[in-house]
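1. attaching a predicted model along with its sequence, questions to come.
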Amino acid sequence: MAENGFEPKIVAFLCNWCTYTGADLAGTSRLQYPPNVRIIRLMCSGSVDPTYVIKPLLDGADGVLIGGCHPGDCHYQSGNYKARRRIIALKEILKNAGIDEDRVWLRWISASEGGRFAETVTQMVEFLKEKGPNPKRQEWAV
């Protein structure tokens, strides 16, 4: 465990049709995963604006997860390709701004992959515990 019992805070932007439904399946299947994630449901991962990702990081979130449908399976046809292009560009912007781009994860998780969602959150929490708190972290209200 990292210093002083550090528990990472993760903001997750999840596609309504796939990853959010996968997260719901993880819950209804009673799969265990850390409670460190705060989920925001969006209609499509392609609607994730870069400012949606930058704002939580500047406010002290330790990580941001973007979850969408597998490439080729987007409910809106090409939204996940749009998300992938945006996140590649965003990571370059974060790197140039001195913010660790490894704190932003993009994952394709379908509605039937509740186990994959739980595994992704668990891996992200472990990764962020190793990395330590976001330098911009402030106290979060519970």
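-> Yes, it's here.
2. three-state assignment of the residue nearest the centre of the chain?
-> Centroid-nearest residue in the chain, with CA atoms, centre = their mean: Leu65, separated by 0.7 Å. Classification of Leu65 using DSSP: H, G, I helix; E, B strand; the rest coil returns strand.
3. which residue packs closest to Arg116, ignoring adjacent ones?
-> Residue nearest to Arg116 in three dimensions, not counting chain neighbours: Ile109, with 5.1 Å by CB to CB, 6 or more residues apart in numbering. The C-beta positions use only the backbone N, C-alpha and C, and glycine is treated the same way.
4. contacts only, for the residue nearest to the centre of the chain.
-> Ile10, Val11, Ala12, Phe13, Leu14, Val37, Trp105, Arg107, Thr120, Val121, Met124 (CB atoms under 8 Å, 6 or more residues apart in numbering).
5. element containing the fourth one?
-> When elements are assigned from DSSP states H and E, Phe13 belongs to strand 10-15.
6. could I get the buried residue list for stretch 6-14?
-> Buried residues in stretch 6-14, counting neighbours by 16 or more other CB atoms under 10 Å, are found at Pro8, Lys9, Ile10, Val11, Ala12, Phe13, Leu14.
7. how about JSON lines for those, with pLDDT and distance to Asp73 added?
-> Below are the buried residues of stretch 6-14 laid out as JSON lines (pLDDT from 0 to 100; distance: CB to CB, whole Å):
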{"residue": "Pro8", "pLDDT": "97", "distance to Asp73": "29"}
{"residue": "Lys9", "pLDDT": "97", "distance to Asp73": "30"}
{"residue": "Ile10", "pLDDT": "98", "distance to Asp73": "24"}
{"residue": "Val11", "pLDDT": "98", "distance to Asp73": "24"}
{"residue": "Ala12", "pLDDT": "98", "distance to Asp73": "19"}
{"residue": "Phe13", "pLDDT": "98", "distance to Asp73": "18"}
{"residue": "Leu14", "pLDDT": "98", "distance to Asp73": "15"}
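8. turn the residues you listed into TSV, columns for distance to Arg86.
-> What follows is the buried residues of stretch 6-14, written out as TSV (distance: CB to CB, whole Å):
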residue	distance to Arg86
Pro8	23
Lys9	23
Ile10	19
Val11	16
Ala12	16
Phe13	11
Leu14	16
